[in-house]
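S.K.: Here is a sequence together with a model predicted from it:
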Amino acid sequence: MADRGGATDRITSLSNATVKAIRGLWLAKNRKRSGLFLAEGLKLVLDAIEAGWAPRQLVHADRIEPATPLAAAADACRADGGAVIAVSEAVLAKIAKRDNPQSVIGVFAQTTLDADDLLPGASEVWVALEGIRDPGNLGTIIRTCDAVGAAGILLGGYTVDPFGVETVRATMGSIFHVPLARMDATDFVATVHGWPGPTIGTHLAAKHDYREVDYAAPLLLVMGAEQSGLTEAAAAACSRLVKLPMAGKADSLNLAVATGVLLYEARRKDL
(Lines give C-alpha, C1' and ligand atoms only; values in the text may rest on other atoms or scores of the structure.)
Protein backbone atom coordinates (compact mmCIF):
# COMPACT_ATOMS: atom_id res chain seq x y z
CA MET A 1 0.00 0.00 0.00
CA ALA A 2 1.10 3.61 -0.53
CA ASP A 3 2.61 5.36 2.45
CA ARG A 4 1.98 9.09 2.79
CA GLY A 5 3.30 9.61 6.24
CA GLY A 6 4.25 6.53 8.21
CA ALA A 7 4.57 2.76 8.11
CA THR A 8 3.40 0.89 5.06
CA ASP A 9 2.23 -2.58 4.17
CA ARG A 10 4.38 -4.46 1.72
CA ILE A 11 2.95 -5.16 -1.75
CA THR A 12 3.64 -8.73 -2.78
CA SER A 13 0.98 -9.22 -5.45
CA LEU A 14 2.21 -8.99 -9.03
CA SER A 15 -1.32 -8.09 -10.12
CA ASN A 16 -1.61 -5.08 -7.80
CA ALA A 17 -3.06 -2.06 -9.64
CA THR A 18 -0.34 0.30 -8.42
CA VAL A 19 2.37 -2.10 -9.54
CA LYS A 20 0.73 -2.43 -12.96
CA ALA A 21 0.55 1.35 -13.36
CA ILE A 22 4.20 1.86 -12.44
CA ARG A 23 5.35 -1.01 -14.64
CA GLY A 24 3.27 0.47 -17.44
CA LEU A 25 5.65 3.44 -17.57
CA TRP A 26 7.95 1.29 -19.66
CA LEU A 27 5.55 2.06 -22.53
CA ALA A 28 5.81 5.40 -24.31
CA LYS A 29 2.02 5.75 -24.59
CA ASN A 30 1.65 5.50 -20.80
CA ARG A 31 4.47 7.97 -20.19
CA LYS A 32 2.83 10.38 -22.61
CA ARG A 33 -0.58 10.00 -21.01
CA SER A 34 0.62 10.27 -17.41
CA GLY A 35 3.54 12.66 -17.83
CA LEU A 36 5.59 10.37 -15.59
CA PHE A 37 8.77 8.31 -15.97
CA LEU A 38 10.95 5.83 -14.07
CA ALA A 39 14.43 6.27 -12.60
CA GLU A 40 16.15 3.21 -11.18
CA GLY A 41 18.50 3.18 -8.22
CA LEU A 42 18.91 5.08 -4.97
CA LYS A 43 21.78 7.16 -6.34
CA LEU A 44 19.66 8.41 -9.24
CA VAL A 45 16.78 9.18 -6.90
CA LEU A 46 19.06 11.09 -4.52
CA ASP A 47 20.63 12.99 -7.45
CA ALA A 48 17.14 13.92 -8.60
CA ILE A 49 16.11 15.16 -5.16
CA GLU A 50 19.28 17.22 -4.86
CA ALA A 51 18.47 18.78 -8.25
CA GLY A 52 14.96 19.68 -7.06
CA TRP A 53 13.03 16.74 -8.55
CA ALA A 54 10.97 15.13 -5.79
CA PRO A 55 9.59 11.67 -6.70
CA ARG A 56 5.84 11.27 -7.08
CA GLN A 57 6.29 7.67 -5.92
CA LEU A 58 9.23 5.95 -4.26
CA VAL A 59 9.24 2.17 -4.61
CA HIS A 60 11.62 0.24 -2.36
CA ALA A 61 12.35 -3.32 -1.33
CA ASP A 62 14.83 -2.67 1.46
CA ARG A 63 13.66 -1.83 4.96
CA ILE A 64 13.83 1.90 5.64
CA GLU A 65 16.20 2.41 8.56
CA PRO A 66 16.35 5.80 10.31
CA ALA A 67 19.08 8.26 9.32
CA THR A 68 19.96 6.52 6.04
CA PRO A 69 20.00 7.83 2.45
CA LEU A 70 16.86 5.79 1.74
CA ALA A 71 15.11 7.39 4.73
CA ALA A 72 16.12 10.83 3.43
CA ALA A 73 14.70 9.99 0.00
CA ALA A 74 11.46 8.76 1.56
CA ASP A 75 11.17 11.93 3.64
CA ALA A 76 11.69 14.10 0.55
CA CYS A 77 9.04 12.14 -1.33
CA ARG A 78 6.49 12.48 1.48
CA ALA A 79 7.30 16.18 2.00
CA ASP A 80 6.30 16.86 -1.61
CA GLY A 81 3.10 14.85 -1.30
CA GLY A 82 4.47 11.69 -2.90
CA ALA A 83 3.80 8.09 -1.95
CA VAL A 84 6.38 5.71 -0.49
CA ILE A 85 5.63 2.14 -1.54
CA ALA A 86 7.23 -0.99 -0.10
CA VAL A 87 7.28 -4.05 -2.36
CA SER A 88 8.70 -7.55 -2.40
CA GLU A 89 11.80 -8.41 -4.43
CA ALA A 90 9.59 -10.26 -6.93
CA VAL A 91 7.41 -7.19 -7.47
CA LEU A 92 10.46 -4.94 -7.85
CA ALA A 93 11.92 -7.32 -10.43
CA LYS A 94 8.64 -7.20 -12.36
CA ILE A 95 8.61 -3.40 -12.36
CA ALA A 96 12.26 -3.27 -13.47
CA LYS A 97 11.81 -6.09 -16.01
CA ARG A 98 15.04 -7.76 -14.95
CA ASP A 99 16.50 -10.01 -12.28
CA ASN A 100 18.56 -8.44 -9.49
CA PRO A 101 17.07 -4.97 -10.00
CA GLN A 102 18.03 -1.85 -8.11
CA SER A 103 16.38 -1.85 -4.68
CA VAL A 104 14.83 1.60 -5.22
CA ILE A 105 12.83 2.99 -8.15
CA GLY A 106 11.54 6.54 -8.36
CA VAL A 107 8.56 7.76 -10.37
CA PHE A 108 9.04 11.36 -11.49
CA ALA A 109 7.09 13.97 -13.43
CA GLN A 110 8.51 14.83 -16.83
CA THR A 111 9.73 18.39 -17.24
CA THR A 112 10.45 20.02 -20.60
CA LEU A 113 10.73 23.52 -22.01
CA ASP A 114 8.54 24.96 -24.74
CA ALA A 115 10.13 26.54 -27.81
CA ASP A 116 8.82 29.92 -26.63
CA ASP A 117 10.71 29.53 -23.34
CA LEU A 118 14.14 29.31 -24.98
CA LEU A 119 16.19 32.34 -24.01
CA PRO A 120 19.83 31.32 -24.53
CA GLY A 121 22.35 33.26 -22.47
CA ALA A 122 25.22 35.09 -24.09
CA SER A 123 27.80 32.51 -22.97
CA GLU A 124 25.73 29.35 -23.41
CA VAL A 125 26.16 26.30 -25.63
CA TRP A 126 23.10 24.26 -26.60
CA VAL A 127 22.71 21.07 -28.64
CA ALA A 128 19.93 20.47 -31.16
CA LEU A 129 19.16 16.85 -32.09
CA GLU A 130 16.98 15.98 -35.07
CA GLY A 131 15.33 12.59 -35.39
CA ILE A 132 17.53 10.65 -32.94
CA ARG A 133 16.37 7.03 -32.70
CA ASP A 134 18.75 5.26 -30.33
CA PRO A 135 18.07 5.65 -26.58
CA GLY A 136 21.70 4.90 -25.71
CA ASN A 137 22.93 7.67 -27.99
CA LEU A 138 20.47 10.18 -26.59
CA GLY A 139 21.26 9.24 -23.00
CA THR A 140 25.00 9.52 -23.64
CA ILE A 141 24.58 12.92 -25.28
CA ILE A 142 22.55 14.17 -22.32
CA ARG A 143 25.30 12.93 -20.00
CA THR A 144 28.01 14.58 -22.13
CA CYS A 145 26.11 17.88 -22.17
CA ASP A 146 26.02 17.71 -18.39
CA ALA A 147 29.76 16.96 -18.24
CA VAL A 148 30.78 19.98 -20.34
CA GLY A 149 28.25 22.36 -18.83
CA ALA A 150 26.05 22.76 -21.90
CA ALA A 151 22.89 24.72 -21.20
CA GLY A 152 20.34 22.34 -22.70
CA ILE A 153 19.15 20.20 -25.59
CA LEU A 154 16.53 20.76 -28.30
CA LEU A 155 14.82 17.59 -29.55
CA GLY A 156 13.17 17.91 -32.93
CA GLY A 157 11.04 15.74 -35.16
CA TYR A 158 10.60 12.06 -34.40
CA THR A 159 13.17 11.60 -31.63
CA VAL A 160 13.29 8.72 -29.15
CA ASP A 161 11.62 9.53 -25.84
CA PRO A 162 14.21 11.08 -23.49
CA PHE A 163 12.20 9.76 -20.54
CA GLY A 164 12.25 6.13 -21.65
CA VAL A 165 13.83 3.76 -19.14
CA GLU A 166 16.80 2.90 -21.37
CA THR A 167 17.54 6.55 -22.10
CA VAL A 168 17.31 7.52 -18.44
CA ARG A 169 19.70 4.69 -17.55
CA ALA A 170 22.22 5.91 -20.13
CA THR A 171 22.15 9.46 -18.72
CA MET A 172 23.48 8.19 -15.37
CA GLY A 173 21.43 10.88 -13.62
CA SER A 174 22.12 13.75 -16.02
CA ILE A 175 18.47 13.72 -17.10
CA PHE A 176 17.87 15.72 -13.92
CA HIS A 177 20.51 18.35 -14.73
CA VAL A 178 20.10 19.15 -18.43
CA PRO A 179 17.01 21.09 -19.61
CA LEU A 180 15.21 19.57 -22.59
CA ALA A 181 12.93 21.20 -25.15
CA ARG A 182 10.78 19.06 -27.47
CA MET A 183 9.26 20.32 -30.72
CA ASP A 184 7.97 19.13 -34.05
CA ALA A 185 10.08 19.23 -37.22
CA THR A 186 8.74 22.59 -38.37
CA ASP A 187 9.38 24.34 -35.06
CA PHE A 188 12.80 22.69 -34.87
CA VAL A 189 13.94 24.14 -38.19
CA ALA A 190 12.45 27.53 -37.28
CA THR A 191 14.29 27.52 -33.95
CA VAL A 192 17.61 26.66 -35.61
CA HIS A 193 17.05 29.38 -38.23
CA GLY A 194 16.13 31.99 -35.63
CA TRP A 195 18.86 31.19 -33.12
CA PRO A 196 20.55 34.40 -31.86
CA GLY A 197 24.09 33.06 -32.39
CA PRO A 198 26.03 30.65 -34.61
CA THR A 199 24.31 27.40 -35.56
CA ILE A 200 26.90 24.78 -36.48
CA GLY A 201 25.68 21.51 -37.96
CA THR A 202 27.53 18.37 -39.01
CA HIS A 203 27.20 17.16 -42.58
CA LEU A 204 29.12 14.68 -44.75
CA ALA A 205 29.18 17.19 -47.61
CA ALA A 206 30.52 20.04 -45.46
CA LYS A 207 33.67 21.79 -46.65
CA HIS A 208 34.89 23.02 -43.25
CA ASP A 209 36.81 20.97 -40.71
CA TYR A 210 35.17 21.21 -37.28
CA ARG A 211 38.39 22.74 -35.90
CA GLU A 212 38.35 25.64 -38.38
CA VAL A 213 35.22 27.46 -37.22
CA ASP A 214 34.49 29.93 -34.45
CA TYR A 215 32.35 28.47 -31.67
CA ALA A 216 31.09 31.80 -30.38
CA ALA A 217 28.22 31.82 -27.92
CA PRO A 218 25.28 31.68 -27.76
CA LEU A 219 26.06 28.59 -29.80
CA LEU A 220 23.79 25.85 -31.13
CA LEU A 221 25.37 22.56 -32.25
CA VAL A 222 22.98 20.80 -34.63
CA MET A 223 23.21 17.02 -35.04
CA GLY A 224 21.14 14.73 -37.26
CA ALA A 225 19.82 11.19 -37.10
CA GLU A 226 22.20 8.24 -36.80
CA GLN A 227 21.71 6.90 -40.32
CA SER A 228 20.54 9.83 -42.43
CA GLY A 229 22.04 12.88 -40.72
CA LEU A 230 20.38 16.27 -40.88
CA THR A 231 17.41 16.83 -43.15
CA GLU A 232 17.90 19.29 -45.98
CA ALA A 233 15.72 21.84 -44.19
CA ALA A 234 17.70 21.63 -40.94
CA ALA A 235 21.04 21.74 -42.75
CA ALA A 236 19.94 24.82 -44.70
CA ALA A 237 18.93 26.51 -41.44
CA CYS A 238 22.46 26.21 -40.02
CA SER A 239 24.85 29.13 -40.37
CA ARG A 240 27.81 26.77 -40.89
CA LEU A 241 28.21 23.08 -41.69
CA VAL A 242 31.28 21.15 -40.56
CA LYS A 243 32.71 17.64 -40.87
CA LEU A 244 34.89 15.46 -38.69
CA PRO A 245 37.84 14.09 -40.73
CA MET A 246 38.36 10.31 -40.93
CA ALA A 247 41.87 8.85 -41.15
CA GLY A 248 40.83 5.20 -41.24
CA LYS A 249 38.27 3.23 -43.20
CA ALA A 250 35.21 4.31 -41.18
CA ASP A 251 33.01 6.79 -43.02
CA SER A 252 31.42 8.26 -39.91
CA LEU A 253 31.50 8.35 -36.12
CA ASN A 254 28.85 7.20 -33.68
CA LEU A 255 26.45 10.09 -33.12
CA ALA A 256 27.13 10.37 -29.39
CA VAL A 257 30.89 10.32 -29.98
CA ALA A 258 30.67 12.97 -32.70
CA THR A 259 28.52 15.19 -30.49
CA GLY A 260 31.03 14.78 -27.66
CA VAL A 261 33.93 15.80 -29.91
CA LEU A 262 32.14 18.97 -30.99
CA LEU A 263 31.02 19.81 -27.47
CA TYR A 264 34.52 19.60 -26.08
CA GLU A 265 35.84 21.67 -28.96
CA ALA A 266 33.14 24.27 -28.41
CA ARG A 267 33.78 24.38 -24.65
CA ARG A 268 37.58 24.04 -24.87
CA LYS A 269 38.30 27.51 -23.53
CA ASP A 270 35.96 27.06 -20.57
CA LEU A 271 37.09 23.63 -19.34
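M.R.: Ah, there it is.

S.K.: just the helices in the stretch 51-200 of the chain please.
M.R.: Counting by DSSP state H, counting those that start in this stretch, one finds helices in the stretch 51-200 of the chain at the ranges 69-79, 89-96, 135-148, 165-171, 185-193.

S.K.: got the contact list for the third one?
M.R.: Contacts of helix 135-148 with the rest of the structure, by Cβ atoms under 8 Å, 6 or more residues apart in numbering, involve 125, 127, 129, 132, 150, 152-153, 159-162, 164, 166-172, 174-175, 177-178, 180, 223, 226, 254-256, 259-260, 263-264, 266-267, 271. Placement of C-beta: from N, CA and C, glycine included.

S.K.: could you dump the helices of the stretch 51-200 of the chain to TSV with mean pLDDT?
M.R.: Listed next are the helices of the stretch 51-200 of the chain as TSV, based on pLDDT from 0 to 100:
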stretch	mean pLDDT
helix 69-79	95
helix 89-96	91
helix 135-148	97
helix 165-171	96
helix 185-193	95
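
S.K.: Out of those helices, the one nearest residue 27 is which?
M.R.: Proximity to residue 27 (Cβ to Cβ) singles out helix 165-171 among the helices of the stretch 51-200 of the chain, at 10.0 Å.

S.K.: Tell me which residues of the closest one come out buried.
M.R.: By 16 or more other Cβ atoms under 10 Å, the buried positions in helix 165-171 come out as 165, 167-171.

S.K.: now do stretch 148-155
M.R.: 148, 150-155.

S.K.: I'd like those residues as a markdown table, with distance to residue 34 appended.
M.R.: Shown next, in a markdown table, are the buried residues of stretch 148-155 (distance: Cβ to Cβ, whole Å):
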| residue | distance to residue 34 |
| --- | --- |
| 148 | 32 |
| 150 | 29 |
| 151 | 28 |
| 152 | 24 |
| 153 | 22 |
| 154 | 24 |
| 155 | 19 |
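
S.K.: out of the residues you listed, which one sits closest to residue 44?
M.R.: Nearest to residue 44, judged by Cβ to Cβ, of the buried residues of stretch 148-155 is residue 153 at 18.6 Å.

S.K.: State the distance from the closest residue to that closest one other than its chain neighbours to residue 258.
M.R.: Using Cβ to Cβ, 6 or more residues apart in numbering and skipping residues adjacent in sequence, the residue nearest residue 153 is residue 127, 4.9 Å away. In this structure, residue 127 and residue 258 are 11 Å apart, going by Cβ to Cβ, to the nearest Å.

S.K.: Next: residue 196.
M.R.: Taken as Cβ to Cβ, the span from residue 196 to residue 258 is 24 Å.

S.K.: before we move on, back to that, now, the buried residues of stretch 148-155 that are in strands?
M.R.: Assigned to strands by DSSP state E, the following of the buried residues of stretch 148-155 qualify: 152-155.

S.K.: Tell me the one of the residues you listed nearest residue 17?
M.R.: Nearest member of those to residue 17, counting by Cβ to Cβ, is residue 155, at 32.3 Å.

S.K.: In contact with the closest one, which residues?
M.R.: Contact analysis of residue 155 by Cβ under 8 Å, 6+ apart lists 129, 132, 162, 180-183.

S.K.: One more: residue 215?
M.R.: Neighbour list for residue 215: 125, 198, 200, 265-266 [criterion: Cβ under 8 Å, 6+ apart].

S.K.: Quick one: neighbours of residue 47, just the number.
M.R.: Neighbour count of residue 47, defined by other Cβ atoms under 10 Å: 18.

S.K.: is it fair to say it lies in a strand?
M.R.: No. Residue 47 is assigned helix when assessed by DSSP: H, G, I helix; E, B strand; the rest coil, not a strand.

S.K.: For the nearest residue to it once chain neighbours are set aside, give me the pLDDT.
M.R.: Spatial nearest neighbour of residue 47, excluding adjacent residues (Cβ to Cβ, 6+ apart): residue 173 at 4.1 Å. With respect to pLDDT, residue 173 scores 95.
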